[in-house]
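Peer 1: coordinates only, sequence not included:
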């Protein structure tokens, strides 16, 4: 039963429980608790409550652990906090006193719902019933204050915990570090880390990852690398999360030399960067206009024996096209061997050759490409024809498609026709749709209105034309 519960299969847990009862084997408290817990974590509160009632009817007395599991229903699922308090009273009457886990669970749920006053009231009730809180009890309250910008209040709670002999653990401090980083109070983070030994807590990998991420987001990449060194000095092994944070930041800042240095160092640190990691970095470099750097990264990827996939080759082809190397990009596609081109490959090349005015060359090279074209391809073609003023060809192209009235493609064509002042073609297109009994999608309405507004028609006498077209569209829809 525990194995099925851990695997997230509550129905299998219930099946075993049912088989036990049918075979004459009476389930004990552990069996019921396991089944109830499985239902709770699977978000089946009604079933969990029903099974708890069955357990009581069968004379199986619950203990604090089973009550605590059921208490989770109230703050995390049903949000009946008053009922949860009543439930705690029943728990006491049955002889099972709520423990620190029970109270901490309820306080966490109240904080998750944003009910900080209720959380403090439950905390006071906990003290009244002589139950001593621990660091886990305070952490959700600290997190709630931090999420609302209450850094000073959160700090007071941390200090109060020390004064009461309940030193905050790394989890509580990590929550506070994240809040400080979001507020860019990095000096305070430094103070926390410097005083950690004195305060009796040990910064962990999460602490440093949070701090490094905050520094990177603030554009302080050099300081982030200093924290990487501090992390290593403390004997903490950076993870793939650490590496991902640093590489993403370096790529956004176009710091190509540092990217290559970190990649080299990653091997020494035992980090493995797979295909997805390289693709992410190459994409970031492309987005920032670093086409040559993306190509260098691809070469590094191949050199290290990391197998590129279709996305990798698409990034390379896009980089070559952006760099004006259309011939090399085309040859890379045609001679790739193990590289299987897809619609993204086709669209990248199609756009690049169009922009360069070499559309005939594109069709000569790639007309036999075994690729299923998509709406992006169709929209590229419609954009091209409308830009060239070949509106009739654009309409004919739409009508030639197998899915000729795809909402996204019709919306794209509508936008191009309105911008070109071809309202007659727009009306003809919509009347054709009306005759076929088709419904106009909202995205077509949106595209039409946007095109009119961008053209400046909404502030002129031409607005009546939009009204006429909208009337026809409403008849269709």
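Peer 2: Done, it's in. Predicted model, so just to flag it, every value in this text is computed and none were measured.
Peer 1: Spatially nearest residue to residue 27, not counting backbone neighbours?
Peer 2: Spatial nearest neighbour of residue 27, excluding adjacent residues (CB to CB, 6 or more residues apart in numbering): residue 20 at 5.3 Å. (Each C-beta comes from the backbone N, C-alpha and C, glycine too.)
Peer 1: any idea how far residue 54 is from that neighbour?
Peer 2: Computed with CB to CB, to the nearest Å, the distance linking residue 20 and residue 54 is 13 Å.
Peer 1: give the contact list for residue 311.
Peer 2: Neighbour list for residue 311: 279, 344 [criterion: CB atoms under 8 Å, 6 or more residues apart in numbering].
Peer 1: after whichever strand or helix holds it, next one along is what?
Peer 2: Secondary structure assigned from DSSP states H and E places residue 311 in helix 310-322. For helix 310-322, the succeeding helix or strand toward the C-terminus, using DSSP H and E, is helix 326-334.
Peer 1: and the angle for that following helix with helix 310-322?
Peer 2: Comparing the axes of helix 326-334 and helix 310-322 via axes from the mean of the first three to the mean of the last three CA atoms, to 10 degrees yields an angle of 160 degrees.
Peer 1: tell me the mean pLDDT for helix 326-334?
Peer 2: For helix 326-334, the mean per-residue pLDDT is 80.
Peer 1: go on, stretch 71-78?
Peer 2: For stretch 71-78, mean pLDDT is 64.
Peer 1: what's the answer for stretch 305-317, then?
Peer 2: Here the average pLDDT along stretch 305-317 is 89.
Peer 1: mind listing what's buried in it?
Peer 2: 306, 308, 310-317 (16 or more other CB atoms under 10 Å).
Peer 1: export those residues to a markdown table and tack on distance to residue 251?
Peer 2: As requested, those are exported to a markdown table (distance: CB to CB, whole Å):
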| residue | distance to residue 251 |
| --- | --- |
| 306 | 17 |
| 308 | 18 |
| 310 | 21 |
| 311 | 16 |
| 312 | 15 |
| 313 | 19 |
| 314 | 17 |
| 315 | 12 |
| 316 | 16 |
| 317 | 19 |
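Peer 1: mind listing what the residue nearest to residue 27 touches?
Peer 2: 26-27, 31.
Peer 1: per-residue pLDDT, residue 199?
Peer 2: pLDDT for residue 199: 89.
Peer 1: so it touches residue 162, yeah?
Peer 2: Yes: between residue 199 and residue 162 there is a contact at 6.9 Å, judged by CB atoms under 8 Å.
Peer 1: if we can go back for a sec, wait, which of the buried residues of stretch 305-317 is closest to residue 334?
Peer 2: residue 317 (11.0 Å; CB to CB).
Peer 1: Please enumerate the shared neighbours of residue 20 and residue 54.
Peer 2: With CB under 8 Å, 6+ apart, residue 20 and residue 54 have no common neighbours.
Peer 1: In the chain, where is pLDDT below threshold?
Peer 2: Within the chain, the stretches with pLDDT under 70 are 74-81, 83-84, 254, 335-338, 404, 438, 455-470, 472-477.
Peer 1: still on that earlier bit, neighbour count for residue 199 and residue 162, which is higher?
Peer 2: Taking other CB atoms under 10 Å, residue 199 and residue 162 do not tie; residue 199 has more neighbours (15 against 12).
Peer 1: Could you report the distance from that one to residue 158?
Peer 2: The spacing between residue 199 and residue 158, counted by CB to CB, is 9 Å.
Peer 1: what sits in contact with each of these two?
Peer 2: With CB under 8 Å, 6+ apart, residue 199 and residue 158 have common neighbours residue 168.
Peer 1: Tell me, how many residues neighbour residue 173?
Peer 2: By other CB under 10 Å, neighbour count at residue 173 equals 27.
Peer 1: Next: residue 450.
Peer 2: Neighbours of residue 450 using other CB under 10 Å come to 15.
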